[in-house]
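In: show me the folded form of this:
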Amino acid sequence: MNDDETSCAEGEEDIRAAPSLYTRSTYYRPTMKRGKILKQVTERYLRDDLGYGCYYKDTSTDNRVDRVHGTPQIISSLPELQRLLKPSQPVVVVDTNVLLHQMDVLQQAGKAMPNLVVPQTALEECRNHRMVIYDQTVDLLRSIHKERCTIFFPDPYHTATSVEEKEEGISPNDLNDERIRRVAEFYGKSLPGVSVIFLTDDVASREKASRSYQAMSVRQYVQVLEQTNPGLSLSDLVAAQTSVLSNEEDEAPLYETHLEATALSRGIQSGKLYRGVLRSSDWNTAHVTIRRGDERVAVTVQGDLDRNRAVDGDVVAIALHPLTKWISSAAAPVTSSVKDTPSAGIASETAEPTLAEMSNVRDTIAVEQGELRPTGKIVGIVRRNFENQSGSIFTKSSGKADSEQEKIATKMERENPDGTATCVFFPVNKKIPPVLLRTTQRDRLFGQRIVVSLDSWPANSRYPLGHYVRTIGPAGDKDVETEVLLQQHDIPHEPFPAAVLACLPPEDYKISAENSPGRVDLRHLPVLSIDPPGCKDIDDALHCLVLPNGNYQVGVHIADVTHYVKPGTAMDLEAANRSTSTYLVNKRLDMLPALLTTDLCSLKCNVDRYAFSVLWEVSPDGNIIQVDFQKSIIHSIAALTYQQAQSFIDQPDDPTDIQACAVKRLAVLARKFRQRRIDAGALTLASPEVKFVLDSESLNPTDVQAYALLEANALVEEFMLLANVTVAKKILRQYPTLSVLRRHPAPNRSMFDPLISKAQSIGLSINIEDSKKLADSLDAAQVKSDPYINKLLRILSTRCMSPAQYFCSGELRASEWHHYGLAAPVYTHFTSPIRRYADVCVHRLLAASINVAPLPQHLSSKSYMHDLCTNMNRRHRAAQLAGRASVQLHTLIYFSGDGAKEEDAYVLDVDTDKGSDPSFTVMVPRYGIEGRVRLDAAEVERFPEEHRIAWAGKTKSCSVKVFDKVRVRLSVREMQGDQRELAIDFIEQKL
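Out: So this is what the prediction gives:
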């Protein structure tokens, strides 16, 4: 029981009669909608036995300098306080804003700021505003360091720092500020002869400071510290709270002022404003999901002014524009394209999903004018999402500024009177705008990848302000760039915390009949797995037997991850947050700890493993007779590679070879299942994906190879698809509104129009009336002289479609559940729970459906399921982008080592717009690279209907048309700050 809840049954009148031990504060606030005034009374009982605060005492017996544990102790006497404080050093009391915005300074200034006092009021306000800072402050208080004394002071309950409300209308924030100032005053009066400094960046609070202590801003105090300690370097860590520009023209507001918290609260409660999280795919595209009753709608935010200084992840208040500013539902959302990207990169596989699709919300509203996409503007920030960002500094260009970064740097960079420089930091995360950085070490940071913390975004600043945190390493270094790309895509890559590891079973855990109640023993079945070479996280295994009646028993056995990952545990919450494993070229970042990923859950051969099995009886012609679901124990007899399985398929029949017979039977059935799907309209698409051959020691790429897809790959794919569809149907019957499904919406005509036009220009026809007609038209779209054109059309068709998304079945109509690419009415993910959290949820739904385990309570909430699916979609997309960025990085390393290369390429797009730079976009099949080729030509003839341009080359007249095969040179171009990009140049063929 805390002090606010202390019972007053005994001696109640005496306590309330003592003014020093009892306070009663009254606040008035308007009610939700009618505007009535609500009186709110808060009672607090004060204590006179709290002494001078408390600290964590080291109770260990070793002599380590730093410790992270101890026992809290009250500082009961002044001599004890004087003994704890570091001699000849000031006592520094911090307020809320210093904790929220200057944590980097506090963490790094241990020796220079050894006596630190954290008031409880400041700590509680941190918890209300930013939990990350609250956790860091708690760690600071709990860390035991022999060179630092950190004191926690319970000012709300201390008689010396109590504040009585004397004026009606005084805000709780003002009372909190006064109480924190009294903490500094308390120490100033208690420690005569000791300097007490109150750190605050609030000008008004400094002006109200008492004479018993000194009040300073963080920057002022850091300057004092650096003067007395010349080797100290803290200036760059000081967060910027006001514009770092000094020109008068920059002082005028560029953006609308954000509404105050009270006005935001009233607006949201009255329904005039809406609250939501701003999400963006790049700096040009953003939306806020709002709730209108039980319905969620994505509101589009267009342009810098409407975004009004909000960044991705901010909780914002948004006002809807009038209907006249809403946009047509047919208008394509703004997305980045290859044309906007100056350098070459790894070819994408699908269209960029819209933010509304990833959140499973509508982005249109039916009005009299038809379906319109609502738009709005941000009017205030409820909670900031100013996370650390990684990237690089660009400086002024000595000549012509070619890149957009150089143009911005040339405009914004300047020298400051105090010797610092304002420079421009460009995050690798394209959702975040450039950041203005004030630093004393610009030259040293140039060419490095650094981490910067966003601090504020004043209305008179074109870009947000930030401060330097740390240096990652030199730009271009493989390990440095890998860390940067993980931060760029917000991929969790820290070691699993102790609370997660504590959920693991012992490393010597053994499966036995005693610890396997309720499971079906299937260890007698000839189960085997088929995976890529070196696969360690084996999710799935298969078996196929001939039954006495001539039918087949086919089993798909999936690792039973939920046996070890219990709902609501620290490990479950961590897996839900990560949502997926991330695969880079040179490493894998797991969703679950290694003991599960590569050992206990992995269906390795020759060991017993827990599984969730789907068992079918299948007729020889491929008809499903019946299906059963079982929690089981299996014993895999073989862990085959795709190549080994393919050799079994290709070899002559041998009835004595159990493994070969099983694989052959599975292959026969897989062909039937596949043909049946294709007849139903399933698409056969293509990918430009390639793989690297890595050096065994340096892990640098030595070669690039195309993926060779064998029939064995298709075999596994067919049975995984069958299992996913079968499980989807089962969980839907039991949980029609709570099932985690995966949908693939049909593409709209506008997404395919450019491809249809390009195909027509070379005499081919693409029909997108439905998936069956699309599949048939792709089969017919052949160019005899160049078979690769057909694969190119399939690659480009994939890009005309958005990727599939997870959703909760209760949020969408049944007609919207359809998976277009697979031609499946319902579909889910069940077969990879080691690396996908969606599959973990589906396992729990299936277990509840067959009555072997209750459904976890949180999976019964549609609101929770919505948020869970949104996070899984976001994490899944981030993992894909991180994987692609890793391939891009290793491509740069490969070309940097081997120099420029000449290769064949295919033209994907030609710039035929008048006034555009003469250029065209190509894809290089050998490396899966796509990029823009710029022409050094003064005059270009453009033929839009033919998708062709012509120009006078150096030796002859040149012409390029879409789908032409051309010769290009691939090379690495050096950029500012030791950064590099991949360039593609056209090679003019000699006469």
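In: skipping adjacent residues, who's closest to residue 567 in space?
Out: In this structure, residue 567 finds its nearest non-sequential neighbour in residue 856, 3.8 Å apart by C-beta to C-beta, 6 or more residues apart in numbering. For glycine as for every other residue, the C-beta is placed from the backbone atoms N, C-alpha and C.
In: same check on residue 409?
Out: residue 394 is the one closest to residue 409 (C-beta to C-beta, 6+ apart), at 4.1 Å.
In: got it, and residue 686?
Out: Closest residue in space to residue 686, ignoring its immediate chain neighbours: residue 794 at 3.9 Å, by C-beta to C-beta, 6+ apart.
In: helix, strand, or coil at that neighbour?
Out: Three-state assignment for residue 794 (DSSP: H, G, I helix; E, B strand; the rest coil): helix.
In: give the contact list for it.
Out: With contact set as C-beta atoms under 8 Å, 6 or more residues apart in numbering, residue 794 has these partners: 684-686, 778.
In: tell me the spacing between it and residue 781.
Out: According to C-beta to C-beta, to the nearest Å, residue 794 stands 9 Å off from residue 781.
In: so the residue nearest to residue 409 touches residue 424, yeah?
Out: Yes. Between residue 394 and residue 424 there is a contact under C-beta atoms under 8 Å: 5.8 Å.
In: okay, and the common contacts of those two?
Out: Contacts common to residue 394 and residue 424, judged by C-beta under 8 Å, 6+ apart, are 405, 408-409.
In: distance between stretch 404-411 and the chain's centre?
Out: Distance of stretch 404-411 from the chain centroid (C-alpha atoms, centre = their mean, to the nearest Å) equals 28 Å.
In: same question but for stretch 185-198, I mixed them up
Out: With C-alpha atoms, centre = their mean, you get 46 Å for stretch 185-198.
In: ok, stretch 525-537 next?
Out: Distance of stretch 525-537 from the chain centroid (C-alpha atoms, centre = their mean) equals 30 Å.
In: so what touches that stretch?
Out: Stretch 525-537 has contacts (C-beta under 8 Å, 6+ apart) with 538, 540-543, 545, 555, 557, 581, 588, 590, 597-598, 601-603, 605, 634-645, 658-659, 662-663, 712, 715-716, 834-835.
In: rewinding a little: OK, contacts around the residue nearest to residue 567?
Out: By C-beta under 8 Å, 6+ apart, the contact list for residue 856 reads 567-568, 844.
In: narrow these to those in strands?
Out: The strands, defined by DSSP state E, take in nothing from these.
In: can you put these in JSON lines and add distance to residue 156 and pLDDT?
Out: As requested, the contacts of residue 856 are exported to JSON lines (distance: C-beta to C-beta, whole Å; pLDDT from 0 to 100):
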{"residue": "567", "distance to residue 156": "37", "pLDDT": "96"}
{"residue": "568", "distance to residue 156": "33", "pLDDT": "94"}
{"residue": "844", "distance to residue 156": "43", "pLDDT": "97"}
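In: of the residues you listed, closest to residue 254?
Out: Using C-beta to C-beta, the shortest approach to residue 254 within these belongs to residue 568, at 46.8 Å.
In: who touches residue 463 in this structure?
Out: Counted by C-beta under 8 Å, 6+ apart, residue 463 has contacts 412, 424, 433-436, 457.
In: check for me that it belongs to a strand.
Out: No. Read with three-state DSSP, residue 463 is coil and lies in no strand.
In: so what's it scoring on pLDDT?
Out: The per-residue pLDDT reported for residue 463 equals 92.
In: how near is residue 845 to residue 940?
Out: As judged by C-beta to C-beta, residue 845 and residue 940 stand 58 Å apart.
In: pick out whichever of the two has more residues nearby.
Out: Legend: neighbour count by other C-beta atoms under 10 Å for residue 845 and residue 940, higher for residue 845 (24 against 17).
In: who's in contact with the closest residue in space to the more buried one that isn't next to it in sequence?
Out: In space, and not counting its chain neighbours, residue 845 is closest to residue 731: 4.3 Å by C-beta to C-beta, 6+ apart. By C-beta under 8 Å, 6+ apart, the residues touching residue 731 are 739, 828, 842, 845-846, 849.
In: where along the stretch 851-991 of the chain do the strands fall?
Out: 901-910, 919-924, 929-934, 940-943, 948-952, 957-961, 965-974, 980-986 (DSSP state E, counting those that start in this stretch).
In: closest one to residue 755 among the ones you listed?
Out: Ranking those by their distance to residue 755 (criterion: C-beta to C-beta) puts strand 901-910 first, at 9.8 Å.
In: how about the helices in the stretch 51-200 of the chain?
Out: Assigned by DSSP state H, counting those that start in this stretch, the stretch 51-200 of the chain shows helices spanning 78-84, 96-101, 103-108, 120-129, 131-142, 172-190.
In: how is this structure carved up into domains?
Out: Domain segmentation of the chain under the TED database yields 53-228, 273-383, 498-742+809-883, 746-801, 900-989.
In: average model confidence for the second one?
Out: Here the mean pLDDT over domain 273-383 is 78, rounded to a whole number.
In: tell me the spacing between residue 565 and residue 936.
Out: In terms of C-beta to C-beta, residue 565 sits 58 Å off from residue 936.
In: who's more crowded, the two?
Out: residue 565 (24 against 10).
In: so the more buried one touches residue 840, yeah?
Out: Yes. Using C-beta under 8 Å, residue 565 is in contact with residue 840, at 6.4 Å.
In: list the residues that contact both of the two?
Out: 572, 575.
In: can you give me the helices in the stretch 501-650 of the chain?
Out: Going by DSSP H, counting those that start in this stretch, the stretch 501-650 of the chain shows helices at 570-578, 594-595, 642-650.
In: between the ones you listed, which one is closest to residue 500.
Out: helix 570-578 (4.8 Å).
In: and that closest one, what does it pack onto?
Out: Using 3 or more C-beta pairs under 8 Å, 6 or more residues apart in numbering; DSSP states H and E, the elements in contact with helix 570-578 are helix 498-501, helix 837-849, helix 862-898.
In: okay, those helices in CSV with distance to residue 763 next?
Out: Shown next, in CSV, are those (distance: least, C-beta to C-beta, whole Å):
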stretch, distance to residue 763
helix 498-501, 59
helix 837-849, 43
helix 862-898, 33
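In: winner for burial among the ones you listed?
Out: Compared across these, helix 837-849 shows the largest average neighbour count, a mean of 24 (mean count of other C-beta atoms under 10 Å).
In: distance of the closest residue to residue 809 other than its chain neighbours relative to residue 733?
Out: Leaving aside its sequence neighbours, residue 809 sits nearest to residue 739 (C-beta to C-beta, 6+ apart; 4.2 Å). For residue 739, the distance to residue 733 equals 9 Å [C-beta to C-beta].
In: ok, and the closest non-adjacent residue to residue 238?
Out: Residue 238 sits nearest to residue 219 (C-beta to C-beta, 6+ apart), 5.0 Å away.
In: shouldn't the one you found be within a helix?
Out: Yes. Using three-state DSSP, the assignment for residue 219 is a helix.
In: isn't it right up against residue 236?
Out: No. The criterion here is C-beta under 8 Å, and residue 219 misses it with residue 236 at 11.2 Å.
In: neighbour count: those two, which is higher?
Out: More neighbours surround residue 236 than the other of residue 219 and residue 236, with 22 against 19 (other C-beta under 10 Å).
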